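Engineer: Kindly return the folded structure for what I paste below:
(chains A and B)
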There are 2 protein chains.
Amino acid sequence: QIDHFGFDQNFTFQQRYLVADQYWKKENGSILFYTGNEGDITWFCNSTGFMWDVAEELNAMLVFAEHRYYGESLPFGNESFSDSTRLNYLTSEQALADFIILIEYLKTTIPGAGHSPVIAIGRSYGGMLAAWLRMKYPHAVVGALASSAPIWQFDDSVPCSAYFSIVTNDFRRSGKGCSESIQQSWKAINRLSSTDAGLQWLSNTFHLCSPLKTTRDAIKLKSWLVETWSNLAVADYPYETDILKPLPAWPVQEACKFLNNPNLSDKLLLHNVFQAANVYHDYFGEAPCLNMSEVPSKNLGLLGWNYQVCTEMVMRLCTDGVNDMFEPLEWDYDSFSEECYRMWGVRPRPSWVLSMYGGKNISSHSNIIFSNGGLDPWSAGGVTENITDSLVAIVIPDGAHHLDLHGRNPLDPKSVQQARALEISYMKQWIEKARQSH
Amino acid sequence: QIDHFGFDQNFTFQQRYLVADQYWKKENGSILFYTGNEGDITWFCNSTGFMWDVAEELNAMLVFAEHRYYGESLPFGNESFSDSTRLNYLTSEQALADFIILIEYLKTTIPGAGHSPVIAIGRSYGGMLAAWLRMKYPHAVVGALASSAPIWQFDDSVPCSAYFSIVTNDFRRSGKGCSESIQQSWKAINRLSSTDAGLQWLSNTFHLCSPLKTTRDAIKLKSWLVETWSNLAVADYPYETDILKPLPAWPVQEACKFLNNPNLSDKLLLHNVFQAANVYHDYFGEAPCLNMSEVPSKNLGLLGWNYQVCTEMVMRLCTDGVNDMFEPLEWDYDSFSEECYRMWGVRPRPSWVLSMYGGKNISSHSNIIFSNGGLDPWSAGGVTENITDSLVAIVIPDGAHHLDLHGRNPLDPKSVQQARALEISYMKQWIEKARQSH
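Structural biologist: Now for the predicted structure:
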């Protein structure tokens, strides 16, 4: 059903989902249901090793459900993004309804599946969906593991500056002089970009594919660097990964190796900044030049996500230059809204998600684990303290974005091992309790 | 917001609501929020005396929120019912979203209201909405009193024949020979309607404004009688009422006074049947003739409700002729669906309400009172046994449809007095608990 909430359009679409049932036991099994987020489901399936690692222990069938408007689950095929009418069904509510209908379908069509308690598991936006699925449809899932889900990164639930202050902390703890070097770099760029020669020098130094021509381009360079540092913090994992980009272990430390001296001339400082940024953009030295417009990953559906950010998923971010290493930048709702209108013909509704899903007032719900990494900037909008006995927070001090959902790795910090063990024990409790009540 | 669940249309509409705050206390008050059902809110406001009776005891502000597409809350004015595109936003989900947005608005704009716990109260369809509001938005309301809310009257959650078997029981217990007389009447009508003279006789005997001309008209007469008996059972109150029609106290008993002998000739029997039916249609003898097409009440929005029944609110009803006093009539989904398509251009989704609101699997929720009258046919689809400590059922053996929400009356049976006392004590507990947790 393309529109679960209206009866005028009765069109349906094909939603993709992946099922792995080799560990599933009909008699006393369970179903782990991955609530797909903004991208190709096969990619999420392959990078959520935790589910594969625990499948046997929980006798679990694994289901990975693709989110509408991503991957191959396009309601209107290639036309899905062509206008605001066709995009009208890209909302979290519709996605959740897809999930419950799919769960019902699996439970009624797979013999024996009706007895298997379902647990929702998701990460990032998909973690929000997992939590919201449990909140709104507790009859469909007995519990939810919401990994790195910033459910409070909306409206004024948390300070908009919290995200970048965590980014800054990551750099601060990862090397002497590191955050200070980045802090100094903005003025250095400003000074150099005031002349054509400086712009030329910056273009060469940063190996940019398209040279900077105006001060506006220099602003773009700075945004690109802000995003670079943020992404490094988000992906600050203890081992080599290839999620958004191929990265070394502890990439923030790796970057900080180049940034130990903030008291250098502009050019020397920025040369170091380039090398640090290159840890993210081209660690393995394969790119002939760096493209500032490059999208992070083909596996993510940036177009769809941009629409969602422009409608429901309005996440306020800002910097203050005091608690973070960036130039101060206020959250400018009006220009954000204008940009959304220009791009999609829609206006954001920044408080709707809080009205819909309860914001901070969610204590009546149950059986949700909110896990967050201490290194992860998105933990700023996450639930990091227990709300009740059954709405629990797990903080992984050495973890970046959804580290707990990765597969086991010899380099895993103790804290993520403990977190996973705790998650498994909660899930077992939910399954046990569900089984008893049947 | 006309469409809470999509961003393409950004239109808004004016929703009507009534507020009575004379008993409200800012410091330790509460808000009783009537979740409007399918009709004019002033009418519901005036016929929900219970809320007025308890306002002082609970220091409560009373709010009566009109349901979209009813009364004056028409999203597209007079055009609201003109086509399926404009009707697309007439769903329970949109109505619930209206309610939470209104609650937020009241809490933020009325000084002091932010501290008052809100309790949802509704009856019949509005009782479902009250229960669903608590289930889906427990952050918005601390509890719900769902009076005579048949939340399970969908798909195959309950036998479709249960409704009419309760109607039958009401007549059976209200007079010797009563249900038997009605049972006999169908064949009598069938026999008489096989001739023109018989049709003429029926038209005269039943004082019909438009005479019966064909066997098809006779079928209409029978449907009209089925509806008459059902409505009498629904409105079988212990005192005179004027809800759908002006009725005497215990109208089923009143009707049964004419139906004590089932073993009469067709004409004598049907003459009695007319007199019994007249208890419903014209007890006070004011109508020159009876109009079979007459709508029950101008205060109810029949057009909107018919659309809702044709989309989400698909309530299965049938008779078997064994456990009830009617001719057997199966639930014919296909012709129902065809009729809906012909009338509105939409197809019903009979299982959606169960998927959306959990059907019988709602034990994770909390703080809902389901009250039902033992005489009320709609109790067939209601919750009549406790589900958990905080999802409780109150059955009022001598009560018809939502008697508990009526104002106090000297003729109230003991059972409804006890029910109300229990309801008040639960509501006080919810309020107390909400206050403690702040």
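Engineer: Now do the contacts for the spatially most central residue of chain A.
Structural biologist: Geometric centre of chain A, nearest residue: A:Ser124, 3.7 Å, by C-alpha atoms, centre = their mean. Residues near A:Ser124 by C-beta atoms under 8 Å, 6 or more residues apart in numbering or on different chains: A:Asn37, A:Ser147, A:Ser148, A:Ala149, A:Pro150, A:Trp378, A:His401, A:His402. (C-beta placed from N, C-alpha, C; glycine too.)
Engineer: Now do A:Gln22 against A:Asn59, distance only.
Structural biologist: 11 Å (C-beta to C-beta, to the nearest Å).
Engineer: Equivalent analysis for A:Leu405, please.
Structural biologist: 20 Å.
Engineer: These two - which one has more neighbours?
Structural biologist: A:Leu405 (27 against 17; other C-beta atoms under 10 Å in any protein chain shown).
Engineer: and the gap between that one and chain B?
Structural biologist: Separation of A:Leu405 from chain B (C-beta to the nearest C-beta, to the nearest Å) stands at 25 Å.
Engineer: From what I see, that residue and A:Arg123 are in contact.
Structural biologist: Yes. Using C-beta atoms under 8 Å, A:Leu405 is in contact with A:Arg123, at 5.1 Å.
Engineer: who touches both of those two?
Structural biologist: With C-beta under 8 Å, 6+ apart, A:Leu405 and A:Arg123 have common neighbours A:Thr48, A:Ser147.
Engineer: and the residue lying closest to A:Leu212 once chain neighbours are set aside, how many neighbours does it have?
Structural biologist: Nearest residue to A:Leu212, sequence neighbours excluded (C-beta to C-beta, 6 or more residues apart in numbering or on different chains): A:Leu199, at 4.4 Å. A:Leu199: 21 surrounding residues under other C-beta under 10 Å.
Engineer: Same question for A:Phe336.
Structural biologist: 16.
Engineer: Is it located within a strand, as I assumed?
Structural biologist: No. Counting by DSSP: H, G, I helix; E, B strand; the rest coil, A:Phe336 falls outside a strand, being helix.
Engineer: Distance check, the residue lying closest to it once chain neighbours are set aside against A:Glu338.
Structural biologist: Closest residue to A:Phe336 apart from its sequence neighbours, by C-beta to C-beta, 6+ apart: A:Pro348 at 7.1 Å. For A:Pro348, the distance to A:Glu338 (C-beta to C-beta) stands at 10 Å.
Engineer: Between these two, which has more neighbouring residues?
Structural biologist: A:Pro348 (21 against 12).
Engineer: Can you verify the more buried one is assigned to a helix?
Structural biologist: No. Applying three-state DSSP, one finds A:Pro348 to be coil, outside a helix.
Engineer: Now A:Trp201: which helix or strand?
Structural biologist: helix A:196-205 (DSSP states H and E).
Engineer: how about the CA coordinates for the next helix or strand after that helix, as CSV?
Structural biologist: Remark: after helix A:196-205, the chain's next helix or strand is helix A:215-234, criterion DSSP H and E. The C-alpha coordinates for helix A:215-234 follow below in CSV (Å, rounded to 0.1, in the frame of the first residue of the first chain):
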residue,chain,number,x,y,z
THR,A,215,35.0,33.6,-1.4
ARG,A,216,31.8,31.6,-1.7
ASP,A,217,33.8,28.6,-2.9
ALA,A,218,36.0,29.1,0.2
ILE,A,219,32.9,28.9,2.4
LYS,A,220,32.1,25.6,0.6
LEU,A,221,35.6,24.4,1.4
LYS,A,222,35.0,25.2,5.1
SER,A,223,31.6,23.3,5.1
TRP,A,224,33.3,20.4,3.4
LEU,A,225,35.9,20.4,6.2
VAL,A,226,33.2,20.6,8.9
GLU,A,227,31.6,17.6,7.3
THR,A,228,34.9,15.8,7.0
TRP,A,229,35.6,16.2,10.8
SER,A,230,32.1,15.2,11.6
ASN,A,231,32.2,12.1,9.5
LEU,A,232,35.5,11.1,11.0
ALA,A,233,34.0,11.4,14.5
VAL,A,234,30.9,9.4,13.4
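Engineer: care to break chain A down by domain?
Structural biologist: A:17-154+A:351-437, A:162-344 (automatic domain parsing).
Engineer: Need the winner for burial among those domains.
Structural biologist: Comparing those by mean neighbour count (mean count of other C-beta atoms under 10 Å in any protein chain shown), domain A:17-154+A:351-437 ranks first with a mean of 21.
Engineer: Show the end-to-end separation of that one, please.
Structural biologist: 29 Å (C-alpha to C-alpha, to the nearest Å).
Engineer: sorry, back to before: okay, the domains of chain A in TSV with mean pLDDT next?
Structural biologist: Formatted as TSV, the domains of chain A follow (pLDDT from 0 to 100):
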stretch	mean pLDDT
domain A:17-154+A:351-437	96
domain A:162-344	95
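Engineer: Let me have these in a markdown table, extended by distance to B:Tyr89.
Structural biologist: Output for the domains of chain A, formatted as a markdown table (distance: least, C-beta to C-beta, whole Å):
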| stretch | distance to B:Tyr89 |
| --- | --- |
| domain A:17-154+A:351-437 | 12 |
| domain A:162-344 | 17 |
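Engineer: how about the residues of the stretch 301-438 of chain A near chain B?
Structural biologist: Contacts of the stretch 301-438 of chain A with chain B, taken as C-beta under 8 Å from any C-beta of the partner chain, map to A:311-312, A:345-347, A:349, A:352, A:355-356, A:358-359, A:361-367, A:437.
Engineer: Kindly check the end-to-end length of stretch A:10-24 for me.
Structural biologist: 35 Å.
Engineer: now stretch A:116-136
Structural biologist: OK, stretch A:116-136 end separation, C-alpha to C-alpha: 20 Å.
Engineer: again, but for stretch A:292-300
Structural biologist: 17 Å.
Engineer: Stretch A:45-53 now?
Structural biologist: With C-alpha to C-alpha as the measure, stretch A:45-53 spans 12 Å from end to end.
Engineer: by contact count, what packs against the helix or strand encompassing A:Ser181?
Structural biologist: Assigned by DSSP H and E, A:Ser181 belongs to helix A:178-192. Packing contacts for helix A:178-192, counted by 3 or more C-beta pairs under 8 Å, 6 or more residues apart in numbering or on different chains; DSSP states H and E, involve helix A:162-173, helix A:196-205, helix A:215-234, helix A:266-282.
Engineer: Now distance to A:Pro248 too, for those helices, in JSON lines please.
Structural biologist: Below are those laid out as JSON lines (distance: least, C-beta to C-beta, whole Å):
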{"stretch": "helix A:162-173", "distance to A:Pro248": "15"}
{"stretch": "helix A:196-205", "distance to A:Pro248": "22"}
{"stretch": "helix A:215-234", "distance to A:Pro248": "10"}
{"stretch": "helix A:266-282", "distance to A:Pro248": "7"}
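Engineer: Near chain B, which residues of the stretch 1-150 of chain A are found?
Structural biologist: Checking the stretch 1-150 of chain A against chain B by C-beta under 8 Å from any C-beta, the hits are A:1, A:4-10, A:84-85, A:87-89, A:91, A:93-94, A:97, A:100-101, A:104, A:136-140.
Engineer: The same query, at a cut-off of 6 Å, please.
Structural biologist: Residues of the stretch 1-150 of chain A that fall close to chain B, judged by C-beta under 6 Å from any C-beta of the partner chain: A:5-8, A:10, A:84-85, A:88, A:91, A:93, A:100, A:138-139.
Engineer: Which ones among the residues you listed lie within strands?
Structural biologist: Among the residues of the stretch 1-150 of chain A next to chain B, no member falls in strands (DSSP state E).
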